[in-house]
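Novice: Coordinates for the following, if possible.
(chains A and B)
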Amino acid sequence: MTLKEIKEILQAEIICGDDRLDEEIEFAGGSDLMSDVLAFGQPGILLLTGLTNAQSVRTADIIEAKAIVYVRGKKPESEGIELAKKKRLPILSTQFMMYKACGLLYSHGLHGVSNRHEI
Amino acid sequence: MKKMAEENVLSQKFEIAGGDFSKAGDISTQVKEILQEIGINSSIIRRAAIAAYEAEMNVVMYANRAELTLTITPEQLHIKLEDEGPGIEDIELAMKEGYSTATDEMREMGFGAGMGLPNIKKNADQFDISSELGKGTLVNIIIFLNQKGKE
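Specialist: Below you'll find the predicted structure:
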């Protein structure tokens, strides 16, 4: 599934990285706990989170996430947006809450990370 | 910040400020960028970046200051973190997944779940930690370069 399709499914707003909507996303994970993301996140993951501080972007960059979706209409702090631009990490924001955002993507065929590494 | 290049050895020191959440992660990002510039295997870079980031967050959350030394030889990558701070009373307990002394502020940052030290160990090939109460903690993370990655 491309980031563009994800944007449409989640009726999301692009905060940055609109030049990377063709990026193919193969799996996703949702968490507000960066400790868990660091422990179980896999390279290439689409991270759904409600945590808006710069650490959310930093963590996504460290684990080599492909993009971040902020749920419940949240947007990252400006410092996070600057970092995401620098790291060319696309950021989306959806009005849906975490459960619904994950459920919508899953029902459209976007799977979670494998069981062993599930978050 | 000092950069010193001897024959086939790169060593660089970084200063991490305790309590400075706004900059938390800066040093790990720099470490990651250096490893990328050198052209180290991406799976090793990822493990080193995660270990460095967890260790850096620990300094930001708990210590007053720390010095991170990154040393790269043809055989291995060594991240040494020496902090000045309260130290860890019971290292065995601190190494347990889920054990944490984090404050609410730290948890609001998305950290403090008691996963940091176990995750550093998981990503390292060799890991040791020692601590002196009231003085500080020393962490050594070694990742071998002559491998395709641990995962």
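
Novice: For A:S107, grab phi and psi.
Specialist: Here is the backbone geometry of A:S107 (degrees, to the nearest 10): phi -70, psi -20.

Novice: Over to the one 4 residues further on?
Specialist: Backbone torsions of A:H111, given as degrees, to the nearest 10, read phi -80, psi 170.

Novice: What residues are bridge-paired with it?
Specialist: A:H111 forms beta bridges with A:F27, as assigned by DSSP bridges.

Novice: surely A:G30 meets A:M98?
Specialist: Yes. Counting by CB atoms under 8 Å, A:G30 touches A:M98, with 5.5 Å between them. No exception for glycine: its C-beta is placed from N, CA and C like everyone else's.

Novice: between the two, what contacts are shared?
Specialist: Taking CB atoms under 8 Å, 6 or more residues apart in numbering or on different chains as the criterion, A:G30 and A:M98 both touch A:L48, A:V71.

Novice: Tabulate the CA atom coordinates of the lengthiest helix in chain B in PDB.
Specialist: If you go by DSSP state H, chain B has its longest helix at helix B:42-62. C-alpha atoms of helix B:42-62 as PDB (Å, rounded to 0.1, in the frame of the first residue of the first chain):
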ATOM      1  CA  SER B  42      22.700  -0.800   7.800                       C
ATOM      2  CA  SER B  43      21.500  -3.400  10.300                       C
ATOM      3  CA  ILE B  44      24.600  -2.700  12.500                       C
ATOM      4  CA  ILE B  45      24.000   1.000  12.200                       C
ATOM      5  CA  ARG B  46      20.400   0.500  13.300                       C
ATOM      6  CA  ARG B  47      21.400  -1.600  16.400                       C
ATOM      7  CA  ALA B  48      24.100   0.900  17.300                       C
ATOM      8  CA  ALA B  49      21.700   3.800  16.900                       C
ATOM      9  CA  ILE B  50      19.000   2.200  19.100                       C
ATOM     10  CA  ALA B  51      21.500   1.300  21.800                       C
ATOM     11  CA  ALA B  52      23.100   4.800  21.700                       C
ATOM     12  CA  TYR B  53      19.600   6.400  21.800                       C
ATOM     13  CA  GLU B  54      18.400   4.400  24.800                       C
ATOM     14  CA  ALA B  55      21.600   5.100  26.600                       C
ATOM     15  CA  GLU B  56      21.400   8.800  25.800                       C
ATOM     16  CA  MET B  57      17.800   8.900  27.000                       C
ATOM     17  CA  ASN B  58      18.900   7.300  30.300                       C
ATOM     18  CA  VAL B  59      21.500  10.100  30.700                       C
ATOM     19  CA  VAL B  60      19.000  12.800  29.900                       C
ATOM     20  CA  MET B  61      16.400  11.300  32.300                       C
ATOM     21  CA  TYR B  62      18.600  10.400  35.200                       C
END
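
Novice: If you count neighbours, what's buried in it?
Specialist: Within helix B:42-62, the residues scored as buried using 16 or more other CB atoms under 10 Å in any protein chain shown are B:44-62.

Novice: now stretch A:42-58
Specialist: Buried residues in stretch A:42-58, counted by 16+ other CB under 10 Å: A:42, A:44-58.

Novice: so, in contact with chain B or not, that stretch?
Specialist: Yes. Applying CB under 8 Å from any CB of the partner chain, one finds stretch A:42-58 touching chain B at A:P43, A:L51, A:N53, A:A54, A:Q55, A:S56, A:R58.

Novice: doesn't the last one fall inside a helix?
Specialist: Yep, that's A:R58 we're talking about. Yes. Judged by DSSP: H, G, I helix; E, B strand; the rest coil, A:R58 forms part of a helix.

Novice: Looks like it contacts B:Y53 (just checking).
Specialist: Yes. A:R58 is within contact range of B:Y53, at 7.3 Å (criterion: CB under 8 Å).

Novice: which residues do the two both contact?
Specialist: B:G25, B:S28.

Novice: how distant is the helix or strand bottoming out on mean pLDDT in chain A from the center of its chain?
Specialist: One helix or strand of chain A scores below all others by mean pLDDT, DSSP states H and E: helix A:34-40, with a mean of 91. Here helix A:34-40 is found 14 Å from its chain centre; the criterion is CA atoms, centre = their mean, to the nearest Å.
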